[in-house]
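**Student:** Kindly generate the corresponding structure for this input.
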Amino acid sequence: MVGTIKRAGIKGAVCALALWPCAAFADNGWSEAQRGAVLDLGKSKQVYGEKFNTPRPFSGPVLWAKQHTNVGLEKFDAAGGRAYQNQSGALAIQAYKDDAGIHSGHVQSVNSSQAYDGAPVVPGANGFSCTACYFETKARFPEAKGTWAAFWLLTPDLPSKRGHLEVDAIEYYGSSDKRGHHHTIHRWGPNEKKGHTQHNDYTGMNAIADFGWHTYGADLRGVATLGGKPAIVIYMDGKEVSRIAADADYFTRPFYFNLTLSINPKDTPATLPQTVLFDYVKVWK
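**Tutor:** Coordinates of the predicted model:
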């Protein structure tokens, strides 16, 4: 999600929308051969849970707002801004427009010093990150054009020196692509081609088109495999969407989570305000 609109790898190289150019399905690295397989957490234990039952300041010690650069047509509000609300025990991130332009929000589980400057993370006490874990959120996306909501993961790092890894568990573009479950992995760094490499996938999911509550997850425990290599597996409602074989560092480096609502510069802007709701974030290790 870092400042780019993803491409979609689709079977037969058929695009869902001209807004998102296609990459051939055979070349994107993802497999849907086990689509529908049920999530098995086995002996994994829950190590993090945030239910957003009450309003949060998003100024630490675990969750922070506006630690990330703006990525769409909007500007992210700082902690305490109008973009962050509590609606019936859920985090509501609102995109709205005022005289200063379009605003929205971004919440993450480390601060900027931890994300980019190597400041230590003490999970659950001072930020949160997790290595070899399953990350899940329950969310309800807005039924609107131009919205770009996401649940995604990053490794704390200093990109100018070592680069970082990214796993986009779900990016959703609203009513312009009602069935579109977009998921991507990135490797960012100075030694990567054009600054980063990415593997994208698009899966049409009928259930997502109801704009109701669903769970979205990314499994980085390394217990699944593809072609003899450990695989990252993407889930929706506890069932596999697709998986991709990944290098070892995706399973040996800590990731933190991000909750974002942006306004898509490649789509007709939505009538504002629009809101994405997050009921919880949970992590198992």
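**Student:** Quick one: low-confidence residue ranges for the stretch 1-150 of the chain.
**Tutor:** Low-confidence segments of the stretch 1-150 of the chain (pLDDT under 70): 2-27.
**Student:** can you give me the helices in it?
**Tutor:** 112-116 (DSSP state H, counting those that start in this stretch).
**Student:** and what of the stretch 151-285 of the chain?
**Tutor:** Under DSSP H, counting those that start in this stretch, the stretch 151-285 of the chain gives no helices.
**Student:** Could you tell me which strand of this structure is the longest one?
**Tutor:** strand 274-284 (DSSP state E).
**Student:** Only C-alpha atoms, please: export it in CSV.
**Tutor:** Taking C-alpha atoms only, strand 274-284 is exported to CSV below (Å, rounded to 0.1, in the frame of the first residue of the first chain):
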residue,chain,number,x,y,z
GLN,A,274,-17.1,7.7,3.7
THR,A,275,-16.1,5.3,6.5
VAL,A,276,-14.3,2.0,6.9
LEU,A,277,-15.0,0.1,10.2
PHE,A,278,-12.6,-2.2,12.0
ASP,A,279,-14.1,-4.3,14.7
TYR,A,280,-10.8,-5.9,15.9
VAL,A,281,-7.3,-6.8,15.1
LYS,A,282,-6.0,-10.1,16.5
VAL,A,283,-2.6,-11.8,16.1
TRP,A,284,-1.6,-15.5,16.8
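**Student:** can you give me how far that strand is from the chain middle?
**Tutor:** Computed by CA atoms, centre = their mean, to the nearest Å, the chain-centroid distance of strand 274-284 equals 11 Å.
**Student:** That strand pairs with which strands?
**Tutor:** strand 46-50 (antiparallel), strand 90-98 (antiparallel), strand 134-140 (antiparallel) (DSSP bridges).
**Student:** got CSV for these, with mean neighbour count and distance to His214 too?
**Tutor:** Where you see a C-beta, it was placed from the backbone N, CA and C, and this is true even at glycine. Formatted as CSV, the strands paired with strand 274-284 follow (neighbours: other CB atoms under 10 Å; distance: least, CB to CB, whole Å):
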stretch, mean neighbour count, distance to His214
strand 46-50, 16, 18
strand 90-98, 21, 13
strand 134-140, 22, 7
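**Student:** For Asn206, find the nearest of those strands.
**Tutor:** Among the strands paired with strand 274-284, strand 134-140 comes nearest to Asn206, with 16.6 Å by CB to CB.
**Student:** and Val38, what does it touch?
**Tutor:** With contact taken as CB atoms under 8 Å, 6 or more residues apart in numbering, Val38 is in contact with Gly238, Lys239, Glu240.
**Student:** mind redoing it with 6 Å?
**Tutor:** Neighbouring residues of Val38 by CB atoms under 6 Å, 6 or more residues apart in numbering: Lys239.
**Student:** Enumerate the beta-bridge partners assigned to it.
**Tutor:** For Val38, the beta-bridge partners are Lys239 (DSSP bridges).
**Student:** Can you get me a residue count around the nearest residue to Asp219 once chain neighbours are set aside?
**Tutor:** Spatial nearest neighbour of Asp219, excluding adjacent residues (CB to CB, 6 or more residues apart in numbering): Val233 at 4.2 Å. Using other CB atoms under 10 Å, Val233 is surrounded by 24 other residues.
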